[in-house]
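Undergrad: Fold the stuff below for me.
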Amino acid sequence: MRIERDCIGEMFVPDNVLYGIHSLRAKHNFPITNEKVDPAIIQSYLQIKKAAALANEQAGTLDKEKSALIMAACNQLLFSNDYSAFIVPAIQGGAGTSTNMNVNEVVAQLAMQLSAQGGKEPLVIKPNDDVNQSQSTNDTYPTAGKMAMLKRLAPLTSAVSSLVDALTDKAAEYSSAIKVGRTQLQDAVPTTFGRTFTAYASMFKRDLSRLKHAQKVLSQVNLGGTAIGTGINATAEYESAIIPILNKYSHLSLHQAADLVDATQNSDAFTTISSAMKSLAADLSKFSNDLRLLSSGPQAGLNELELPKKAAGSSIMPGKVNPIIPEVVNQVAFETIGNDVTVTMAAESGQLELNAFEPIMFKSILTSEQHLTKAIETLVENCVSGIKVNAAYCRKEVEHSSIAATVLSPLLGYEKTTALIKEALATQQSVKALVKQKQLLPDSLVDNLFTPEVLTNVRKVKKEKSAAGSNLN
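TA: Alright, predicted model coming up:
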């Protein structure tokens, strides 16, 4: 055991651990969850510490040997991908100070161990004075959070793009498959599955645009602002060098915010990304609801779509198969919308020059990014790509749907069409059969009434009727 001291007092810290007194206090103080700070934040923090060491060395405020050891320690942690020394819980008080101190302590301790290799006397490297030089939790923690979000955003946007592509492919595959449209769950005018799938693709394209806008917002960071954005304790040389160095190490395109005080105290960047994901979640849930409804049955439901069969659906009903992929997507959507409420409340509740509630915002946003990505990936792979349209059944439903007679209204008049609909419902005949039986239109024209082209272009029917010389009104 070693004894470490802080402004509160003394604590015993095991000799074989890299973390120190601040990390241990946080572990004891925040027994809320066993979930630790997200690895994406730790990775980003290590890249910040590495970049800061080089920037301080170039500014002449950090010894070259210390800088090299700090950078070597960061590299070892990054390349090993072993984050077991980072013990601070994800939900924490202190606006992220415990996370920053955990990283400072681990890097400093490992750097000292590296300095003692070969039996040399270890060089004293201090967590606050050396590893944290020219920095504050106020600027490093939100920057690490934004970096983590940007890293998670890339696979999320890729997943949404894949969903758009899959829906576009389905639209092309079933461009001529007609179906009964529905408004308020009641029969409406006919449409095609080509149009339906295209509409879904358009919806998710808008989600993609919102996510890309959020990406630009998150790229503006307050690193270099130190405490409350004033830049106190940081040299001008450090402030100008830190972002370019960090971009080199992180492979991101970060920009220093124009107003560092604003970027430190206000959290609208986090509500922007959270709101974009909430919109995506709402769209995913609506889409999943439609898939579940359109595939309901097979005997007593709509049965217009056949979803890929992925698992037995019942322990007692043989052969039952449930829409489990849309169901899991629904649940991720519910979670994401709940996380957005958390982010909104946390952003609104910040006071004055700093928001103390960034830890719960980061946990919520990073969770939503990760879960949405996985949900969309399984939606594409295990559902959308394998969807089949029951085209023959859907065509039959259109031809027997009384509302399909809407296409006749410009040709026969509203009153005559209404009478046809009533008769079709009363006699359980198709409108198409009644029109032929009553010889209201030429058979050749009636046979083409229920094609995708005619259903979306009544003018074409009127033109063909005029060309045929009909005078049946």
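Undergrad: can you pull out the strands in the stretch 1-150 of the chain?
TA: Using DSSP state E, counting those that start in this stretch, the strands found in the stretch 1-150 of the chain span residues 2-5, 10-13.
Undergrad: CSV for these, including mean pLDDT?
TA: Listed next are the strands of the stretch 1-150 of the chain as CSV, based on pLDDT from 0 to 100:
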stretch, mean pLDDT
strand 2-5, 89
strand 10-13, 92
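Undergrad: and among the ones you listed, the most buried is which?
TA: Using mean count of other Cβ atoms under 10 Å, the stretch among these with the largest mean neighbour count is strand 10-13, at a mean of 14. No exception for glycine: its C-beta is placed from N, CA and C like everyone else's.
Undergrad: what's in contact with it?
TA: By Cβ atoms under 8 Å, 6 or more residues apart in numbering, the surrounding residues in contact with strand 10-13 are 1-4, 19-21, 24-25.
Undergrad: Pick the one among these closest to Val37.
TA: Tyr19 (12.1 Å; Cβ to Cβ).
Undergrad: what about the closest one, how many neighbours?
TA: Using other Cβ atoms under 10 Å, the number of residues around Tyr19 comes to 25.
Undergrad: Which pLDDT does the model give it?
TA: pLDDT recorded at Tyr19 is 96.
Undergrad: sorry, back to before: distance to Ile337 for the contacts of strand 10-13 - can I get that in CSV?
TA: As requested, these are arranged in CSV below (distance: Cβ to Cβ, whole Å):
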residue, distance to Ile337
Met1, 47
Arg2, 47
Ile3, 48
Glu4, 43
Tyr19, 36
Gly20, 39
Ile21, 40
Leu24, 37
Arg25, 35
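Undergrad: of those residues, closest to Lys212?
TA: When those are compared against Lys212 (criterion: Cβ to Cβ), the nearest one is Tyr19, at 37.9 Å.
Undergrad: Is that closest one in contact with Ser98, as I believe?
TA: No: Tyr19 is beyond contact range of Ser98, at 10.5 Å (criterion: Cβ atoms under 8 Å).
Undergrad: how's this protein carved up into domains?
TA: Domain assignment for the chain, taken from automatic domain parsing, gives 2-133, 141-223+254-390, 400-467.
Undergrad: Dump those domains to CSV, plus distance to Ser240.
TA: Listed next are the domains of the chain as CSV, based on distance: least, Cβ to Cβ, whole Å:
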stretch, distance to Ser240
domain 2-133, 9
domain 141-223+254-390, 9
domain 400-467, 60
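Undergrad: closest one to Thr235 among the ones you listed?
TA: In terms of Cβ to Cβ, the element of those nearest to Thr235 is domain 2-133, at 4.6 Å.
Undergrad: which residue packs closest to Ser115, ignoring adjacent ones?
TA: Leaving aside its sequence neighbours, Ser115 sits nearest to Leu123 (Cβ to Cβ, 6 or more residues apart in numbering; 4.0 Å).
Undergrad: on that earlier part again, tell me which of the domains of the chain sits nearest to Tyr238.
TA: Smallest distance to Tyr238 across the domains of the chain (Cβ to Cβ): 4.7 Å, for domain 2-133.
Undergrad: check contacts around Asn382.
TA: So Asn382 contacts 308, 310, 325 (Cβ under 8 Å, 6+ apart).
Undergrad: and which of those residues is nearest to Lys212?
TA: Ile325 (26.2 Å).
Undergrad: Make sure that closest one is actually in contact with Gly386.
TA: No: applying Cβ under 8 Å, one finds Ile325 not in contact with Gly386, separated by 9.7 Å.
Undergrad: how about stretch 427-443: buried residues?
TA: Within stretch 427-443, the residues that qualify as buried are 430-432, 434-435, 440-442, counting by 16 or more other Cβ atoms under 10 Å.
Undergrad: Next step: those restricted to helices.
TA: Among the buried residues of stretch 427-443, the members found in helices (DSSP state H) are 431-432, 434-435.
Undergrad: Select, from those residues, the two members most distant in space.
TA: Applying Cβ to Cβ across these, the maximum distance is between Lys432 and Leu434, 7.4 Å.
Undergrad: Please save the CA atoms from stretch 379-395 in CSV.
TA: What follows is stretch 379-395 as a C-alpha-only set of coordinates in CSV (Å, rounded to 0.1, in the frame of the first residue of the first chain):
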residue,chain,number,x,y,z
LEU,A,379,-32.8,-4.1,-39.2
VAL,A,380,-31.1,-3.9,-42.6
GLU,A,381,-29.4,-7.3,-42.5
ASN,A,382,-32.1,-9.4,-40.8
CYS,A,383,-35.2,-7.7,-42.0
VAL,A,384,-35.3,-5.0,-44.8
SER,A,385,-33.0,-6.8,-47.2
GLY,A,386,-35.2,-9.9,-47.1
ILE,A,387,-38.6,-8.4,-47.2
LYS,A,388,-41.0,-9.9,-49.8
VAL,A,389,-44.2,-8.2,-51.1
ASN,A,390,-47.2,-10.4,-51.5
ALA,A,391,-47.8,-8.7,-54.9
ALA,A,392,-50.6,-10.9,-56.2
TYR,A,393,-52.6,-10.7,-52.9
CYS,A,394,-52.1,-6.9,-52.9
ARG,A,395,-53.3,-6.5,-56.5
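Undergrad: Check which residues of that stretch are buried.
TA: Neighbour-count burial for stretch 379-395 flags 379-380, 383-385, 387, 389-390, 394-395 (criterion: 16+ other Cβ under 10 Å).
Undergrad: Then stretch 412-428?
TA: In terms of neighbour count (16+ other Cβ under 10 Å), stretch 412-428 has its buried residues at 412, 416-417, 420-421, 424.
Undergrad: now the residues you listed in JSON lines, with pLDDT and secondary structure?
TA: Below are those laid out as JSON lines (pLDDT from 0 to 100; DSSP: H, G, I helix; E, B strand; the rest coil):
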{"residue": "Leu412", "pLDDT": "84", "secondary structure": "helix"}
{"residue": "Lys416", "pLDDT": "86", "secondary structure": "helix"}
{"residue": "Thr417", "pLDDT": "84", "secondary structure": "helix"}
{"residue": "Leu420", "pLDDT": "84", "secondary structure": "helix"}
{"residue": "Ile421", "pLDDT": "82", "secondary structure": "helix"}
{"residue": "Ala424", "pLDDT": "84", "secondary structure": "helix"}
